[in-house]
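[1] Here's a sequence, model it:
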Amino acid sequence: MYRHPSFSVEDQSLMRSLIAERRLGTIVVASSGGFEASPLPWLLDGDELHGHVVNANPLVELCAEEVPCLVIFDLADGYVSPSWYPSKLEHGKVVPTWNYVSVHVHGSVRVIADHEWKLRQVEKLTEEIEQSRPEPWSVDDAPDSYIEKMVSSITGLVVSIDRIEAKAKLSQNRSEADRVAVQEKIGAVQPRVGITNYMDDHWTR
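    Numbers count the residues shown, from 1 in each chain. Coordinates of the predicted model:
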């Protein structure tokens, strides 16, 4: 990912917190026909990402042996109109752009067929997502036979992380007046769900 110095994110702990908050990431691996990509929910566990796919997913065969992969977490994005900039009235030297926050995980992926591993992964993923809900659903709420059938229909994925890189293009290269205007406008037309704190802390750098 090309990262201009103005937009590059270097804080590894921040990148990891953004992954954990977003959770849904698109894994991309090479195939004989080009590339295979699947958006999946992930659990970040140390230097690994844990996920699963249905057995029919081509990733199961492609990752039978450990292969390189990229997992992309796109957190938020929004169009920026030149008409929002106060500087448009000053000199007119403005053009449209697009703001976004994206985290890329580089590594290698392998499949996991072990039934108990898959069950634990599903249980933990469910617990983490459901814990903030008023009436959290648990895997234990479903019949054992049904859960056994569902777990048998999936294959686990483990991504061994080599490196993480991130980019937050949030108008940091504009004047303070332009940045404030963009923050107000884009916040009004597109809710900044999931990374509000990050944007509030970094938008006006």
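
[2] what pLDDT does Gly78 get?
    Gly78 is assigned a pLDDT of 83 by the prediction.

[3] Tell me which stretches of the protein form strands.
    When assigned using DSSP state E, the strands of the chain occupy the ranges 8-9, 24-31, 34-41, 43-45, 48-54, 67-80, 97-112, 154-169.

[4] Let me have these in JSON lines, extended by mean neighbour count.
    In short, each C-beta sits where N, CA and C put it, glycine included. Compiled in JSON lines, the strands of the chain are given as follows (neighbours: other C-beta atoms under 10 Å):
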{"stretch": "strand 8-9", "mean neighbour count": "17"}
{"stretch": "strand 24-31", "mean neighbour count": "17"}
{"stretch": "strand 34-41", "mean neighbour count": "14"}
{"stretch": "strand 43-45", "mean neighbour count": "16"}
{"stretch": "strand 48-54", "mean neighbour count": "20"}
{"stretch": "strand 67-80", "mean neighbour count": "18"}
{"stretch": "strand 97-112", "mean neighbour count": "18"}
{"stretch": "strand 154-169", "mean neighbour count": "19"}
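
[5] which residues does the residue most central in space within the chain bridge with?
    Note on the chain: the residue nearest the mean C-alpha position is Phe73, at 2.1 Å, using C-alpha atoms, centre = their mean. Bridge pairing for Phe73 (DSSP bridges) gives the partners Val103.

[6] That one is in contact with Leu49, isn't it?
    No - with contacts counted by C-beta atoms under 8 Å, Phe73 stays clear of Leu49, the gap being 9.9 Å.

[7] Kindly point out which residues are neighbours of both of these two.
    Residues touching both Phe73 and Leu49 comprise 19, 25, 105, with contact defined as C-beta atoms under 8 Å, 6 or more residues apart in numbering.

[8] What separation is there between the first one and Glu148?
    What it means is Ile19. In this structure, Ile19 and Glu148 are separated by 30 Å, where distance is defined by C-beta to C-beta, to the nearest Å.

[9] Neighbour count for the two, which is higher?
    Legend: neighbour count by other C-beta atoms under 10 Å for Ile19 and Glu148, higher for Ile19 (23 against 12).

[10] show me the contacts for that one.
    For Ile19, the residues meeting the contact criterion (C-beta under 8 Å, 6+ apart) are 25, 42, 44, 49, 73, 103, 105, 164.

[11] again with Ser8
    Under the criterion of C-beta under 8 Å, 6+ apart, the contact list for Ser8 reads 166-167.

[12] try Asn99
    Taking C-beta under 8 Å, 6+ apart as the definition of contact, the neighbours of Asn99 are 77-78, 80, 169-171, 182, 186.

[13] Could you work out the end-to-end span of stretch 61-72 for me?
    Length of stretch 61-72, first residue to last, C-alpha to C-alpha, to the nearest Å: 21 Å.

[14] what about Glu116, how many neighbours?
    The criterion is other C-beta under 10 Å. On that basis, Glu116 has 8 neighbouring residues.

[15] how close does it get to Leu59?
    Going from Glu116 to Leu59 by C-beta to C-beta gives 21 Å.
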